[in-house]
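[1] here is my input; please provide its structure:
(2 chains)
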Number of protein chains: 2
Amino acid sequence: MCSGSPCASCKLLRRRCTKDCIFAPFFPADEPHKFTIVHKVFGASMSRITQLLLELLAQQQGNAVSSLVYEANDRMRDPVYGCVGAISFMQNQVSQLQMQLAVA
Amino acid sequence: MCSGSPCASCKLLRRRCTKDCIFAPFFPADEPHKFTIVHKVFGASMSRITQLLLELLAQQQGNAVSSLVYEANDRMRDPVYGCVGAISFMQNQVSQLQMQLAVA
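    Presented below is the predicted three-dimensional model:
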């Protein structure tokens, strides 16, 4: 997947980016912030993320990376609740809308 | 925080559980599954979680651990979308309810 320059993951982790690098398709060199955030939230080794991707079908890996980037961004924004804060907020919103609908 | 037996984290990581163990208040020995899941999802060293907790006020740490356990559980249940799947589902639910309310 890497041609010439290393992907954002290999660059940050100072690794040789080989043609079968599992991160390369999802963390291109021109979007370094995506990997920086995931790396910051999910730990230094990224071994768990690698394992997670390897356990998925190829066509699921892109969505898995997107959801991990989303989670990591939310955890950076809100270190206490992360994206669980959004879930809790929306659960309240759904309850209120359901109540309003019952009245109307 | 530890008295006698080590907390669930120190037991799993085979560490000495000292009285200032940051995990002990949140991962008691009688709830080993809570730590097992967080450990599985957030990586082997848990260094990022330790750092996250240390950056928070003491009164925020319990909520942060709860949200991490929630996220980790959701990622185990749904390795592709994790709790972002729930967010996406609820966003649709909110849109539909808002539409229904506009009609009613």
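[2] do the helix-or-strand element of chain A with minimal mean pLDDT and chain B come into contact?
    Across the helices and strands of chain A, mean pLDDT, DSSP states H and E gives its lowest value to helix A:47-54, namely a mean of 81. Yes. Helix A:47-54 comes into contact with chain B (Cβ under 8 Å from any Cβ of the partner chain), by way of A:47-48, A:52. All C-beta spots, glycine's among them, are computed from the backbone N, C-alpha and C.
[3] nearest to chain B, of those residues?
    Using Cβ to the nearest Cβ, A:Arg48 comes nearest to chain B of the residues of helix A:47-54 next to chain B, at 4.4 Å.
[4] tell me the secondary structure at A:Leu91.
    Slight slip there: residue A:91 is Gln, not Leu. Secondary structure, DSSP: H, G, I helix; E, B strand; the rest coil: A:Gln91 is helix.
[5] same thing with A:Thr18?
    In the three-state summary, A:Thr18 is assigned as coil, counting by three-state DSSP.
[6] show the model's pLDDT score for it.
    You'll see A:Thr18 listed with a pLDDT of 91.
[7] gap between it and B:Asp78?
    Between A:Thr18 and B:Asp78 the computed distance is 30 Å (Cβ to Cβ, to the nearest Å).
[8] just want to know which of those two has more residues nearby.
    Neighbour count, other Cβ atoms under 10 Å in any protein chain shown: between A:Thr18 and B:Asp78, B:Asp78 has more, with 15 against 12.
[9] check contacts around A:Gly85.
    A:Gly85 makes contact with A:74, A:78, B:67 under the criterion Cβ atoms under 8 Å, 6 or more residues apart in numbering or on different chains.
[10] what are the boundaries of the helices in chain A?
    A:8-12, A:32-42, A:47-54, A:58-77, A:84-103 (DSSP state H).
[11] now the third one, how far from the centre of its chain.
    Taking Cα atoms, centre = their mean, to the nearest Å, one finds the center of helix A:47-54 at 12 Å from the center of the full chain.
[12] report the angle between it and helix B:58-77.
    30 degrees (axes from the mean of the first three to the mean of the last three Cα atoms, to 10 degrees).
[13] same deal with the fourth one?
    Regarding helix A:58-77 and helix B:58-77, their directions subtend 170 degrees when assessed with the same axes, to 10 degrees.
[14] related to what we said a few turns ago, could you give the angle of the least confident helix or strand of chain A to helix A:32-42?
    With the same axes, to 10 degrees applied, the angle from helix A:47-54 to helix A:32-42 works out at 110 degrees.
[15] picking up where we left off before, a markdown table for the residues of helix A:47-54 next to chain B, including neighbour count and distance to B:Pro6?
    Listed next are the residues of helix A:47-54 next to chain B as a markdown table, based on neighbours: other Cβ atoms under 10 Å in any protein chain shown; distance: Cβ to Cβ, whole Å:
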| residue | neighbour count | distance to B:Pro6 |
| --- | --- | --- |
| A:Ser47 | 13 | 24 |
| A:Arg48 | 18 | 23 |
| A:Leu52 | 21 | 28 |
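[16] residues of chain A that sit close to chain B?
    So chain A meets chain B at A:40-48, A:52, A:55-56, A:60, A:63-64, A:66-68, A:70-71, A:75, A:79-87, A:90-91, A:93-94, A:97-98, A:100-101, A:104 (Cβ under 8 Å from any Cβ).
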